[in-house]
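In: any chance you could fold what I've pasted below:
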Amino acid sequence: MSKRYSGEIPNRAVIPTGNTPLPTEEPIAVYYRQSTEGQVGNISTTIQTVDMVEYLKARGWAEDKVIMLDMDAGISGKTKIDERPGMKILFDLITRSKIKAVACQDEDRLFRDVTQIQVNIFIEACRAANVLVITPSMIYDFSNELTGVFHARQFRFKSEMAAEYLTSVVMGKLNRAKQHLIFEGRWAGGLTPVGYMVDMRRTLPDGSKNENWRRYTSFEPYAEVVNEYFKLFLSFGGNLRATVRYIHAHGPYYPDPQTCLPPTGFMVDYRRLQRYSVGFCPTRSGLQEMFAHAAYIGHWMYKGSIVRWNNHQAIVPLKNFMRAFNYLSAVALDGQENKHYHPYRENARPSRDEKRPMERPLYAGMVVSQFEGQWKNVGVKYSRKHYEYVLYSTAETDTYIWSRKAAPLDSAITKFVREKLQATFDSKVWEKMLAKLEPSHREERRSKEAQIAALERVMENQISSIDGLSNFDMIKGVQARYEEAQTEHRRLTSELARMDQEFSNLTAAFALRDECGPALDNWENLSRNEKRVISHRLIRQIEITALGLHETLVIIRWKDGKSSKINLFRRTGKGQFWTPQEQEALISLIENDASGVEYLAALPSRTMASIKRRVRSLKGDTYYIKAPGIPDNATYANYMLPIVESDETGIGISSASEREASRHRPS
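Out: Purely as a prediction, here's the structure:
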């Protein structure tokens with residue numbers, strides 16, 4: 001029996017027709033990307049920019065509503081969202097609801113992602129922010145309840161097909177040619193170490209074959225900065241964190257890669273070069289990679305191993321490179337154990353330090369000393385209830401050279417630190433520096449958090465989809481994608497933690513600005529870590545030279561380019577050690593047959609008893625100083641004080657000089 005028509009229209013899936021309402025009153029971002037540097041400026045660029053803008057104007061957008069994102073030239077669509085400057089900006093615009101649509105010439109301009117992780121993060125961000133993705137052939141509306149699932153599936157399909165074509169067809173054909181170039185020591189794509197550019201000229205101006213075709217050559221504006229980074233790292237005795245802090249605060253900074261271009265016939269790929277509020281400079285991990293990258297001394301590396309030695313021009317002196325390398329790499333350049341590996345360690349055994357009755361030396365890790373013409377880190381050891389600064393040789397056995405008690409050294413250095421702060425501290429300057437740091441960190445953090453949030457929603461959807469699956473192969477596929485998403489989640493979370501740690505280190509000193517006034521009255525109440533943060537802000541390096549057994553020369557190199565010098569003398573059981581200057585003065589007094597008062601005047605910090613002992617040690621027990629009436633415990637200051645005397649005639653005041661003269665008058 002047939003059913004009677006009730007007049008109600010049944011619910012049906014809506015097939016996309018291209019008539020989705022366009023938010024023409026809202027800003028729209030146009031994203032374009034050339035896969036290789038060779039495409040920059042060619043017809044691909046024209047299609048993705050000029051034609052796309054005209055297309056959008058025809059659809060109803062005013063030109064001032066169109067935001068052009070064109071900084072991802074030469075960066076592959078396979079790279080992650082946070083590894084493409086243009087894509088990072090686009091993602092921020094989406095998650096901050098600054099735009100309502102994204103336009104591009106084709107889906108593969110946005111992504112070529114076989115794993116679909118980055119694609120899913122992007123789709124989820126657009127869905128949550130209600131942002132359309134527009135191409136000339138399709139308008140994607142991921143937030144539409146009826147068509148959103150279909151649009152997401154279509155967008156994923158197009159991105160995956162582009163990636164598979166790239167992998168199976170293009171890369172398959174080029175792989176052998178690429179490997180041939182690599183094992184010849186020639187550039188075959190990818191990042192260029194900062195400081196180098198690639199010579200792309202097949203022939204030289206005279207028509208001859210260019211033997212350096214596709215090989216690295218020095219890019220001077222950047223190579224100069226790279227060499228300064230090596231010198232800074234060595235001046236900090238291998239302290240990577242201190243080097244990064246100094247560079248971010250004071251430079252030098254790389255030139256802007258948008259304006260500092262290589263000459264015609266050469267190219268660079270500096271896509272990971274990051275700009276901070278202060279300028280272009282490396283991260284801590286970037287510096288660590290640089291200081292261990294053998295390309296800088298002319299060797300060609302592939303997958304972490306040297307495949308051609310002395311392949312191209314070296315831009316860092318071998319001595320500087322190897323000193324930096326030995327701080328960082330436990331593996332030598334030939335792949336064997338690095339016998340010269342000497343990592344920077346500020347505190348290698350914190351559990352033992354916690355059990356000791358005194359704090360670890362305040363300036364541990366900041367002290368260096370010269371031995372056989374080379375700067376060496378001065379270590380710290382605990383010996384007989386006190387800490388010592390200790391220098392060992394560079395020999396394999398680490399032969400002991402000298403040691404000094406840490407407490408008097410720290411005390412003397414701290415005195416200068418407090419005086420420096422008292423003279424130079426300006427809280428307004430510190431606040432201004434922090435104000436520059438905070439916005440860039442906040443934006444970077446917000447971007448990472450948005451990617452993590454989108455990825456977590458994707459992972460939740462993957463878990464939910466398992467319930468509707470019964471096919472084992474499909475379940476395995478979802479599981480594999482979920483595991484890939486987990487890996488990306490760990491990467492993003494780790495990056496976020498690293499950023500927070502670096503920012504925390506940079507701002508620790510600023511957090512103390514309310515406590516650290518010009519006089520630093522609160523110094524004694526600060527923790528050791530707080531004191532170290534303040535010291536690191538001021539001190540570039542502390543140099544110690546042992547002069548004999550008892551004298552120590554300390555030079556504090558300040559970050560403002562100035563220095564302070566301290567001469568310390570070790571005290572013996574009988575008092576302070578006699579300095580060379582005091583010894584010289586004493587010999588001159590003996591030769592001139594000086595009086596007791598003259599001895600005291602020339603040696604004002606000594607007592608008469610200590611002077612007599614020293615003279616007898618030099619001249620023998622039969623030699624006596626002419627010092628009648630001068631008590632053994634007298635110093636020049638207390639002996640010359642006026643005294644009150646009384647006799648039958650009354651009370652009078654006499655000076656030491658008068659008393660000395662009266663003793664020599666004839667009766």
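In: so what's the residue count around residue 601?
Out: 14 (other Cβ atoms under 10 Å). Quick note: C-beta positions are derived from backbone N, CA and C, even for glycine.
In: what helix or strand is it located in?
Out: helix 596-602 (DSSP states H and E).
In: same check, this time on residue 530
Out: Here residue 530, judged by DSSP H and E, is contained in helix 528-538.
In: next secondary structure element downstream of that helix?
Out: Taking DSSP H and E, what comes next after helix 528-538 is strand 539-547.
In: related to what we said a few turns ago, output the helix holding residue 530 as PDB, nothing but the C-alphas.
Out: The C-alpha coordinates for helix 528-538 follow below in PDB (Å, rounded to 0.1, in the frame of the first residue of the first chain):
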ATOM      1  CA  ARG A 528      71.700  31.800  45.700                       C
ATOM      2  CA  ASN A 529      69.800  31.400  42.400                       C
ATOM      3  CA  GLU A 530      68.500  35.000  42.600                       C
ATOM      4  CA  LYS A 531      72.000  36.200  43.200                       C
ATOM      5  CA  ARG A 532      73.300  34.200  40.300                       C
ATOM      6  CA  VAL A 533      70.600  35.600  38.000                       C
ATOM      7  CA  ILE A 534      71.700  39.200  38.900                       C
ATOM      8  CA  SER A 535      75.400  38.300  38.500                       C
ATOM      9  CA  HIS A 536      74.800  36.800  35.100                       C
ATOM     10  CA  ARG A 537      73.100  40.000  34.000                       C
ATOM     11  CA  LEU A 538      76.200  42.000  34.800                       C
END
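In: distance between it and the chain's centre?
Out: 17 Å (Cα atoms, centre = their mean, to the nearest Å).
In: and the strands in the stretch 501-650 of the chain?
Out: Using DSSP state E, counting those that start in this stretch, the strands of the stretch 501-650 of the chain run over 539-547, 551-558, 563-569, 571-572, 575-576, 643-647, 650-654.
In: any idea how far residue 405 lies from residue 371?
Out: As judged by Cβ to Cβ, to the nearest Å, residue 405 and residue 371 stand 20 Å apart.
In: who are the packing partners of the strand or helix carrying residue 415?
Out: With secondary structure defined by DSSP H and E, residue 415 is part of helix 406-424. Here helix 406-424 touches strand 386-392, helix 528-538, strand 539-547, strand 551-558, strand 563-569, going by 3 or more Cβ pairs under 8 Å, 6 or more residues apart in numbering; DSSP states H and E.
In: what residues sit buried inside the third one?
Out: Think strand 539-547. Neighbour counts over strand 539-547 (16 or more other Cβ atoms under 10 Å) mark 539, 540, 541, 542, 543, 544, 546 as buried.
In: and it, which strands flank it?
Out: strand 367-371 (parallel), strand 551-558 (antiparallel) (DSSP bridges).
In: which SSE is the residue nearest in space to the middle of the chain in?
Out: For the chain, residue 244 is the residue whose C-alpha lies nearest the centre (Cα atoms, centre = their mean; 2.6 Å). Assigning secondary structure by DSSP H and E places residue 244 in helix 240-250.
In: what angle sits between that helix and helix 528-538?
Out: Here helix 240-250 runs at an angle of 50 degrees relative to helix 528-538 (axes from the mean of the first three to the mean of the last three Cα atoms, to 10 degrees).
In: next one: helix 240-250 to chain centre, how far?
Out: On Cα atoms, centre = their mean, the centre of helix 240-250 falls 5 Å from the chain's centre.
In: now mean pLDDT, distance to residue 206 and mean neighbour count too, for the strands paired with strand 539-547, in JSON lines please.
Out: As requested, the strands paired with strand 539-547 are arranged in JSON lines below (pLDDT from 0 to 100; distance: least, Cβ to Cβ, whole Å; neighbours: other Cβ atoms under 10 Å):
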{"stretch": "strand 367-371", "mean pLDDT": "88", "distance to residue 206": "50", "mean neighbour count": "19"}
{"stretch": "strand 551-558", "mean pLDDT": "87", "distance to residue 206": "50", "mean neighbour count": "17"}
